[in-house]
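Enquirer: sharing a model that was predicted from the sequence below.
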Amino acid sequence: MDYKDYYQVLGLKKGSSPEEIKRSYRKHAVKYHPDKNQGNKEAEEKFKEINEAYAVLSDPQKKAQYDQFGSTGFHQRYSQEDIFKGFDVGDLFKDAGFGTEDIFSRIFGGGQQRPRTRNRKQRGEDFTMELQVTFSESAHGAEKRVAFMRGDDREELSVKIPAGVANEAKLRIAGKGGSGTGGGPAGDLYLIIKTGTDPVFTREDDNIIVACDIRFTEAALGTSLEVPTLEGGKRIKIAAGIQSGTKIRLKGFGFPHMGKATRGDLYVKVGIKVPEQLTDAQKKLLLELSGTGM
């Protein structure tokens with residue numbers, strides 16, 4: 001879906017000051033106000049766009065999200081209801097000689113979240129931010145410091161990352177979102193976890209895959225092998241005659257099931273190395289083996 005560029009809607013450039021945004025909004029909103037354009041559906045739609053653009057660009061948190069993620073990314077994070085939370089234009093239109101309540105009830109609909117014109121009790125908006133954690137931190141858990149803006153104030157807090165947390169998991173920090181209005185409660189802060197990769201381990205749900213190569217003779221005769229796990233090395237037995245691609249399961253050596261005492265498994269995926277070059281002696285031996293049907 002294509003979304004309107006809020007800066008273009010208000011005739012502004014990115015980086016415009018709050019005063020410029022407010023001044024441009026007032027000019028455009030007065031021009032397209034339904035009281036001055038009765039029966040003009042095009043003006044009514046323009047009036048809606050102008051109010052939506054101002055609801056975002058006049059709010060520091062929403063504006064920062066819009067500037068960071070762009071129009072499409074912003075709308076993936078904010079619903080129409082989220083956009084208008086806490087938005088109040090009553091004083092602006094009162095100064096211009098217009099009413100507001102009936103206008104917004106009509107064009108935004110009685111059941112839809114619309115611009116706020118009275119000091120009603122309202123919950124603050126929820127904030128969302130990404131938090132990077134390493135592969136090891138996602139496996140074992142960690143404590144991270146996060147910094148974020150609440151209005152004009154910068155806040156920091158420690159966040160406990162649970163062991164086994166998955167990529168894209170959402171952690172809720174209650175009461176750390178936007179301030180409520182009219183005595184309403186604050187919103188929440190949601191941390192979207194972004195987990196790093198590991199050069200040795202591959203995660204599949206709560207299981208781990210680790211690739212290990214053995215020689216042809218080891219595959220034929222059997223051997224033992226030291227394999228890495230999240231807790232360190234572990235020696236395992238390789239049965240004689242193992243085939244390339246076989247997975248050996250180590251029960252309970254995977255990721256913790258988040259919030260539980262149980263864990264996933266680790267699978268050792270066995271590969272067989274074929275030498276690219278042979279010595280004369282090796283080639284002679286293999287030819288002899290070949291003659292036996294091996």
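Expert: Nice, thanks for sending it over. Numbering: from 1, shown residues only.

Enquirer: all strands of the stretch 51-200 of the chain, in order?
Expert: For the stretch 51-200 of the chain, the strands identified by DSSP state E, counting those that start in this stretch occupy 127-133, 142-150, 153-161, 170-173, 189-195, in order along the chain.

Enquirer: tell me which of those sits most buried.
Expert: Using mean count of other Cβ atoms under 10 Å, the stretch among these with the greatest mean number of neighbours is strand 189-195 (a mean of 19). From N, CA and C alone the C-beta is placed, and that goes for glycine too.

Enquirer: neighbouring contacts of it?
Expert: 126-135, 137-138, 146, 148, 159, 161, 165-173, 176-177, 203 (Cβ atoms under 8 Å, 6 or more residues apart in numbering).

Enquirer: quick one: distance of that strand to the chain centre.
Expert: Per Cα atoms, centre = their mean, to the nearest Å, the displacement of strand 189-195 from the mean C-alpha position of its chain is 6 Å.

Enquirer: quick one, domains of the chain?
Expert: Partitioning the chain according to automatic domain parsing yields domains covering residues 6-108, 127-195, 201-276.

Enquirer: would you turn the strands of the stretch 51-200 of the chain into a markdown table with distance to Gln8 and mean pLDDT?
Expert: Written out in a markdown table, the entries for the strands of the stretch 51-200 of the chain read as follows (distance: least, Cβ to Cβ, whole Å; pLDDT from 0 to 100):
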| stretch | distance to Gln8 | mean pLDDT |
| --- | --- | --- |
| strand 127-133 | 25 | 92 |
| strand 142-150 | 25 | 89 |
| strand 153-161 | 30 | 91 |
| strand 170-173 | 32 | 91 |
| strand 189-195 | 29 | 93 |
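
Enquirer: give me the residue at the spatial middle of this protein.
Expert: Central residue of the chain (Cα atoms, centre = their mean): Ile192, 4.2 Å from the mean position.

Enquirer: how about Lys247: what's its closest non-neighbour residue?
Expert: Beyond its immediate neighbours in the sequence, the residue positioned closest to Lys247 (Cβ to Cβ, 6 or more residues apart in numbering) is Tyr267, lying 4.3 Å away.

Enquirer: over to that neighbour. Which of the three states is it?
Expert: Following DSSP: H, G, I helix; E, B strand; the rest coil, the label given to Tyr267 is strand.

Enquirer: ok, it - how many residues close by?
Expert: Using other Cβ atoms under 10 Å, Tyr267 has 20 neighbouring residues.

Enquirer: that one contacts Asp205, correct?
Expert: No. Here Tyr267 lies out of contact with Asp205, judged by Cβ atoms under 8 Å, at a distance of 11.7 Å.

Enquirer: how far away is the residue nearest to Lys247 from Gly245?
Expert: 11 Å (Cβ to Cβ, to the nearest Å).

Enquirer: any residues in contact with both of the two?
Expert: Taking Cβ under 8 Å, 6+ apart as the contact definition, Tyr267 and Gly245 share no neighbouring residue.

Enquirer: output the below-cut-off pLDDT ranges for the stretch 151-294 of the chain.
Expert: 294 (pLDDT under 70).
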